[in-house]
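A.B. asks: structure here, sequence nowhere to be found:
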C-alpha cells in the first residue's frame, strides 16, 4: 500500500508563508544593541552652518530575514554561521523612514529598564523627535521617549515651578571643563579620590538645570550616557547614573513642552500625544501647567492669534482635563519665567471663558465646557443658561 505524500507537500507549500509571516517586521526578534546599531547605520545627523538635519541612508547593513524569523530561532545560530547575520540591503520597501519607525516601535520592548540601553535609545529617539519633519516618525519617537522615561521611573513635570528655568552659562562652562578633565578616558594613574569627587560634582552641575536648546540637551544626555558606559568606579558610576536620568528628564520635558506650544494644523496628532503624556506623567497638577505653556505669548496676541490653540480637538482635550479637577486645583495657576505680567488662566477660568466666548447655537465646545465646569465646581445640576457662569467669573476674577 502506497503512502500519500499530499500532506507533506502541503506542509512544504505552506512553510514559506509561515516563515514570511513570522518575519514581517524588520525589527522582530532583534536585541536592543542590534537595533541601535542598525539605527546608527541608517540615520545620520548632518551639521551645516551650525544647523543640524537628519539624513537617511538609502542602503545599509541590516539583519538578514532568518535572524529575525521566529520560526527559525532554533537554527538561527547555524544559519548565521553559514550564511551570515547581516547583509547590505537597499531600503526601498519599507523606506528608510519606515525601517527606522519599525526599529523605534520595537526598541521599548527590548530595553527592559536597563539604564544604559534606555539612555542610548532615548538619544536616538530624541534626535528624531527634534529634527524629523515627518509627523508619523516624530510621533513614534515621542512615544518611545516617554516609554524610556517610564521604564526608568523618571519623575516628569512634578515641579511646575522649575519649568522654564535654564542653566547658568558660566556654571555650565565650568561643569563641562571639570567633566572633560575627569572623564574615564583621560584619567591617569595618579587620579585620586579628590579628582573623582571633583568629577562627580561637575557631572551633577551639568544636569542641575536644563539647557534652553533641545539639541544642547540631547548632547548633554549623549555625553553623560557615554560616561556612564565607561565608568568603572562604583561610587562615581552611581552619580553618573543619576545624572543620566536627570538629563533624560530634561530632554523629555523639553520635547513635550515644545510640541504642545506648536499650532501647525498638520501637527495636531503630535500635540494631542504630547498633551496626553504631560498629563499622564504630571498628574492633575500638570493641567494648570499645560494652560500656562499653551497660552499665546504677548507677541502672538499682538499678531492677532487666539489665546489658545484654535483646533477643536485640542480645545476638547483641554476641556476634558480641566473638568477633571476640583477644589484648589481647579483655580490654581502656574506662572512661567518671562511671563510674570501676562494674565494666566486657571482650569476653571479656562472653562468659563470658553463657555462665554463660544456661540450659543453653533459651538461644539460650549456644552462640553458647561458640563466640565459644572462637574468641577460640584454644582448639583447642569444649567445651560450661561448667566451663572458670568456671575461666577465676575466673583472670581
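C.D. replies: Looks like it arrived, so ask away. Worth saying up front: this structure is predicted, and the values here are computed from it rather than measured.
A.B. asks: the residue nearest to residue 381 when sequence neighbours are not counted: helix or strand, and which one exactly?
C.D. replies: Nearest residue to residue 381, sequence neighbours excluded (CB to CB, 6 or more residues apart in numbering): residue 374, at 7.6 Å. (Each C-beta comes from the backbone N, C-alpha and C, glycine too.) Under the criterion of DSSP states H and E, residue 374 resides in helix 366-376.
A.B. asks: just the helices in the stretch 201-350 of the chain please.
C.D. replies: Under the criterion DSSP state H, counting those that start in this stretch, helices of the stretch 201-350 of the chain are mapped to 214-230, 234-261, 268-282, 286-294, 298-302, 312-323, 347-357.
A.B. asks: worst average pLDDT in those?
C.D. replies: Looking over the helices of the stretch 201-350 of the chain, mean pLDDT reaches its minimum on helix 298-302, with a mean of 84.
A.B. asks: so who does residue 351 touch?
C.D. replies: By CB atoms under 8 Å, 6 or more residues apart in numbering, the residues touching residue 351 are 319, 322, 323, 369, 372, 373, 376.
A.B. asks: tally of neighbours for the first one?
C.D. replies: Here the count is done by other CB atoms under 10 Å, and residue 319 has 24 residues near it.
A.B. asks: that one contacts residue 375, doesn't it?
C.D. replies: No - in this structure, residue 319 is not within contact of residue 375 by CB atoms under 8 Å, at 10.8 Å.
A.B. asks: the helix holding residue 374 - contacts with which helices or strands?
C.D. replies: With contacts taken as 3 or more CB pairs under 8 Å, 6 or more residues apart in numbering; DSSP states H and E, helix 366-376 sits against helix 312-323, helix 347-357.
A.B. asks: go through the helix or strand encompassing residue 52 and flag the buried ones.
C.D. replies: Residue 52 is part of strand 51-56 when elements are defined by DSSP H and E. Residues of strand 51-56 classed as buried: 54, 56 (neighbour count, 16 or more other CB atoms under 10 Å).
A.B. asks: what are the pairing partners of it, and which direction each?
C.D. replies: The strands that strand 51-56 pairs with in its sheet are strand 43-48 (antiparallel) (by DSSP bridges).
A.B. asks: quick one: the strand it pairs with to helix 214-230, angle?
C.D. replies: 130 degrees (axes from the mean of the first three to the mean of the last three CA atoms, to 10 degrees).
A.B. asks: who's in contact with strand 43-48?
C.D. replies: Applying CB under 8 Å, 6+ apart, the contact partners of strand 43-48 are 52, 53, 54, 55, 56, 57, 100, 124, 127, 128, 131.
A.B. asks: need those residues in TSV (columns: distance to residue 395).
C.D. replies: TSV is the format used below for these (distance: CB to CB, whole Å):
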residue	distance to residue 395
52	52
53	53
54	53
55	58
56	58
57	63
100	55
124	52
127	50
128	49
131	49
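A.B. asks: okay, now residue 306: neighbour count?
C.D. replies: 12.
A.B. asks: quick one: low-confidence parts of the chain?
C.D. replies: 1-29, 61-94, 161, 341, 360-361 (pLDDT under 70).
A.B. asks: repeat the analysis, applying 50 as the threshold.
C.D. replies: 1-3, 8, 11-15, 17-24, 65-66, 70, 72, 75, 78-84 (pLDDT under 50).
A.B. asks: re earlier: C-terminal to the helix holding residue 374, what's the next element?
C.D. replies: helix 387-395.
A.B. asks: so what does that next one touch, helix or strand wise?
C.D. replies: Judged by 3+ CB pairs under 8 Å, 6+ apart, helix 387-395 is in contact with helix 347-357.
A.B. asks: now the end-to-end length of stretch 202-218.
C.D. replies: Length of stretch 202-218, first residue to last, CA to CA, to the nearest Å: 18 Å.
A.B. asks: meant to ask about stretch 299-308, not that
C.D. replies: Note: stretch 299-308 ends 13 Å apart using CA to CA.
A.B. asks: which residues sit against that stretch?
C.D. replies: Residues from elsewhere that reach stretch 299-308 (CB under 8 Å, 6+ apart): 263, 294, 295, 296, 314, 315, 318, 350.
A.B. asks: show me what contacts residue 271?
C.D. replies: Counting by CB under 8 Å, 6+ apart, residue 271 has contacts 259, 260, 262, 309, 311, 314.
A.B. asks: and of the residues you listed, the nearest to residue 36?
C.D. replies: Taking CB to CB as the measure, residue 36 lies nearest residue 259 of these, at 24.1 Å.
A.B. asks: and that closest one, what does it touch?
C.D. replies: 142, 267, 270, 271, 273, 274.
A.B. asks: next, count neighbours for residue 131.
C.D. replies: 20.
A.B. asks: could we number from 9 for the rest of this?
C.D. replies: Sure, I'll start numbering at 9, so the last one becomes residue 139.
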